[in-house]
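below: sequence and its predicted model.
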Amino acid sequence: AVKGIEVRCSTNKELAYSLENANIPGDPFFNILLRIVSTRCMMQAVYFCSGMLPEEEYFHYGLAVPLYTHFTSPIRRYPDLLVHRLLAASVGQDKTYTELLDRNIVHEWCENMNYRHHQ
């Protein structure tokens, strides 16, 4: 522990807790810099279709949860619109976009969204 700060990183929860509590009195920028350095090398989130990746890759490291989806209003981003349509098709509320039930098609769309997101 340097300056009384111990950063544990054996699990995502430990890392999140360590970063939350890593403060040096009188140095308001220390925590910000530590977070930047710690998270900069982490993989960016990607869109993917469940069943197309191994289950051990289905996690959100920062949130410390094994399964995760995120979407906002479908008027904001195309991926959010697709998630809304996929949910509706999955529960039988919308038969307009039945191709969303084909994971190969969804996989292709996810690859395209990832490509566009990183440009």
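Done, it's in.

for this protein, what spans make up the helices?
12-21, 30-40, 78-90, 103-117 (DSSP state H).

pLDDT below threshold where in the chain?
Across the chain, the ranges flagged by pLDDT under 70 are 1, 59-67, 71, 74.

on that earlier part again, any chance of the helices of the chain in JSON lines, with distance to Gly4 and mean neighbour count too?
Yep, even glycine has a C-beta here, placed from its N, CA and C like the rest. Output for the helices of the chain, formatted as JSON lines (distance: least, Cβ to Cβ, whole Å; neighbours: other Cβ atoms under 10 Å):
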{"stretch": "helix 12-21", "distance to Gly4": "11", "mean neighbour count": "14"}
{"stretch": "helix 30-40", "distance to Gly4": "12", "mean neighbour count": "12"}
{"stretch": "helix 78-90", "distance to Gly4": "42", "mean neighbour count": "16"}
{"stretch": "helix 103-117", "distance to Gly4": "40", "mean neighbour count": "14"}
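
of all those, which one is nearest Tyr47?
Closest approach to Tyr47 among the helices of the chain (Cβ to Cβ): helix 103-117, 4.1 Å.

packing partners for that closest one?
The helices and strands touching helix 103-117, judged by 3 or more Cβ pairs under 8 Å, 6 or more residues apart in numbering; DSSP states H and E, are helix 78-90.

please name every helix or strand in contact with the helix it packs on.
Using 3+ Cβ pairs under 8 Å, 6+ apart, helix 78-90 sits against helix 103-117.

contacts for the helix it packs on?
Here helix 103-117 makes contact (Cβ atoms under 8 Å, 6 or more residues apart in numbering) with 46-52, 78-79, 82, 86, 99-100.

output it as CSV, nothing but the C-alphas.
The C-alpha trace of helix 103-117 is given here as CSV (Å, rounded to 0.1, in the frame of the first residue of the first chain):
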residue,chain,number,x,y,z
ARG,A,103,-28.9,-14.7,-34.1
ASN,A,104,-26.7,-14.7,-37.2
ILE,A,105,-28.4,-11.6,-38.6
VAL,A,106,-28.2,-9.9,-35.2
HIS,A,107,-24.5,-10.9,-35.0
GLU,A,108,-23.8,-9.2,-38.3
TRP,A,109,-25.7,-6.0,-37.2
CYS,A,110,-23.7,-6.0,-34.0
GLU,A,111,-20.4,-6.3,-35.9
ASN,A,112,-21.5,-3.3,-38.0
MET,A,113,-22.5,-1.2,-35.0
ASN,A,114,-19.2,-2.0,-33.3
TYR,A,115,-17.3,-1.0,-36.5
ARG,A,116,-19.2,2.3,-36.8
HIS,A,117,-18.9,3.1,-33.1
